[in-house]
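[1] I need the structure of the sequence given here:
(chains A, B, C and D)
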2 protein chains.
Amino acid sequence: MAAVPTPVREQQRRDSWAAVQAAALALVSERGFDAVTVDDVAAAAGVSRRTFFNHFPTKAAALFDPHPDDAEALQQLLADADTSAGVWSALRRVCLDFVDAQTVALPVRRRLVGDPELDAYHRTAHLHVGQAVESWTAAQLPDDPFTAQLVAETAAAVLMTAFLAWDPADPPQRFAELVARGFDLVGTGFA
Amino acid sequence: MAAVPTPVREQQRRDSWAAVQAAALALVSERGFDAVTVDDVAAAAGVSRRTFFNHFPTKAAALFDPHPDDAEALQQLLADADTSAGVWSALRRVCLDFVDAQTVALPVRRRLVGDPELDAYHRTAHLHVGQAVESWTAAQLPDDPFTAQLVAETAAAVLMTAFLAWDPADPPQRFAELVARGFDLVGTGFA
DNA sequence: CGAGTTGGTTGCACTCAGTGCAACGTGAGC
DNA sequence: GCTCACGTTGCACTGAGTGCAACCAACTCG
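    Numbering: from 1, shown residues only, chains lettered A, B, ... in the order given. Here you go, the predicted structure:
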């Protein structure tokens, strides 16, 4: 009746999660999204098909759901953000720090997106970041929910644009540069 | 061997298309997305299941694919856009004119999105507008593809934010106001 | 240490989305 | 009228996603 999951259980769980995601990324980057079935991924991860769906609601989710550590890191960055220079500036800093922390999965994921049909998948799959940012901006601008949401959506647009413009052959820091450039452009304004 | 579809054929085709979309919007707004099957929609439209998929690649597409006339109208607006005051200003004008032309489907679609799980669907389903805008900005800023894509993604973010912030009980012009406000905010810059 | 519970895993069966293929029927060109 | 193009349809198939019941190892409590 433990309220908090016990270390060993938790470890099992995370291991399965990581095994499935690793298998999914490997197989899909090798064969393409449609040529890989959930059964393939489950088998490659040494796990049953049913267990796959215990961890991920969707095949696309297995590719794009954030590692719990990363999600936690983002929450932490947002919580610790210095908003003295304004919300947008703070968000810029958070996003840059966040992409810096993402060394492994990012290039692999980027390589998947070259295929045009996967665009729909990866767009929906990035909702995690957007939602985290959105609740943060809503808390920062409690008296102007419209602007709060607009800021969050725009930040997501910046990340998306940088992500798509980034050549995965380049190092991740190049991606960070694009993110910075995007934030600066939007910060200055298009008018 | 007519290279161009013949009037009667074309009419048949458009009728089926419209019947399916109308049935899909009606049924889903009534029962919710998951409680409606493709067979339900096809039957309600007086069409076979297979014909449904001849017109729409996806159940979500039946709800969000733009009417050919609307898609054409957007292309026309973009082609005729006055860019003398800058790309962003022109895009603002185009989007406002575009939402003005969309009287029927918009409120119905907006009502569907209240349900949180449909968000993923309608986000991917709005790619049409984004892609049209994207190719236009790419042509407008041939020497800066990054900014071009950023402008397009940001415009899509503005539309998305306004769409979500819009209370469908309010008239469509209220939606247009939100779009204008979003464009102005981003135009001014967040910094 | 033993009994009971919790929670991750698994197999099974089911619904439904989406696709390929072959056939049918009607409008259009010759 | 003959023929071809093309929208429509039925059929069969793969694969995603879900509900349910069972299993088993880890944890808890007495």
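[2] how about the helix or strand of chain A with the lowest mean pLDDT and DNA strand D, any contact?
    When each helix and strand of chain A is scored by mean pLDDT, DSSP states H and E, helix A:119-125 comes last, with a mean of 78. No - contact of helix A:119-125 with DNA strand D (CB under 7 Å from any atom of the strand) is absent, the minimum separation being 9.5 Å. Where you see a C-beta, it was placed from the backbone N, CA and C, and this is true even at glycine.
[3] mind telling me what element the nearest residue to A:Arg49 once chain neighbours are set aside is part of?
    With CB to CB, 6 or more residues apart in numbering or on different chains as the criterion, A:Arg49 has its nearest non-adjacent residue at 4.7 Å, and that residue is A:Ala42. Assigned by DSSP states H and E, A:Ala42 falls within helix A:38-44.
[4] which residues touch that helix?
    For helix A:38-44, the surrounding residues in contact (CB atoms under 8 Å, 6 or more residues apart in numbering or on different chains) are A:20, A:23-24, A:26-27, A:48-49, A:51-53, A:59, A:62.
[5] same question for stretch A:181-191.
    By CB under 8 Å, 6+ apart, stretch A:181-191 touches A:88-89, A:91-92, A:95, A:154-155, A:158-159, A:161-162, B:86-89, B:146-147, B:150-151, B:154, B:186-191.
[6] need the buried ones from the residues you listed selected in ChimeraX.
    Per 16 or more other CB atoms under 10 Å in any protein chain shown, the buried members of these correspond to this ChimeraX selection:
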select /A:88,89,91,92,95,154,155,158,159,161,162 /B:87,88,89,146,147,150,151,154,186,187,190
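[7] okay, and which of the contacts of stretch A:181-191 map to helices?
    A:88-89, A:91-92, A:95, A:154-155, A:158-159, A:161-162, B:87-89, B:146-147, B:150-151, B:154, B:186-188 (DSSP state H).
[8] quick one: average confidence on the helix or strand in which A:Ala62 is found?
    According to DSSP H and E, A:Ala62 maps onto helix A:59-64. Mean per-residue pLDDT for helix A:59-64: 94.
[9] what do you get for stretch A:96-112?
    85.
[10] I figured A:Ala148 hits A:Ser135, correct?
    No - if you go by CB atoms under 8 Å, A:Ala148 and A:Ser135 don't touch, sitting 9.4 Å apart.
[11] those two: which is more packed in?
    A:Ala148 (23 against 14; other CB atoms under 10 Å in any protein chain shown).
[12] what pLDDT does that one get?
    98.
[13] over to A:Leu118?
    75.
[14] cool, the one 10 residues further on as well?
    In this model, A:His128 is scored at 85, pLDDT.
[15] got a list of what the closest residue to it other than its chain neighbours touches?
    Nearest non-adjacent residue to A:His128, counting by CB to CB, 6+ apart: A:Pro66, 5.3 Å away. Contact partners of A:Pro66, counting by CB under 8 Å, 6+ apart, are A:74, A:128-129.
[16] report how many residues lie close to A:Arg111.
    Neighbours of A:Arg111 (other CB under 10 Å): 14.
[17] settle this for me: it is touching A:Ser29, isn't it.
    Yes - between A:Arg111 and A:Ser29 there is a contact under CB under 8 Å: 5.7 Å.
[18] residues in chain A within reach of DNA strand C, list them.
    A:1-2, A:5, A:9, A:12-13, A:15-16, A:47-51, A:54-55.
[19] select from these every entry located in helices.
    A:9, A:12-13, A:15-16, A:49-51, A:54-55.
[20] most neighbours among these, which one is it?
    In terms of neighbours by other CB under 10 Å, these top out with A:His55 at 19 neighbours.
[21] check contacts around that one.
    Counting by CB under 8 Å, 6+ apart, A:His55 has contacts A:16-17, A:20, A:62.
[22] likewise A:Gln75?
    Contacts here follow CB under 8 Å, 6+ apart; on that basis A:Gln75 touches A:Ala132.
[23] and it, how close does it get to DNA strand D?
    As defined by CB to the nearest atom of the strand, to the nearest Å, A:Gln75 lies at a distance of 25 Å from DNA strand D.
[24] can you tell me the helix or strand for that residue?
    Assigned by DSSP H and E, A:Gln75 belongs to helix A:68-79.
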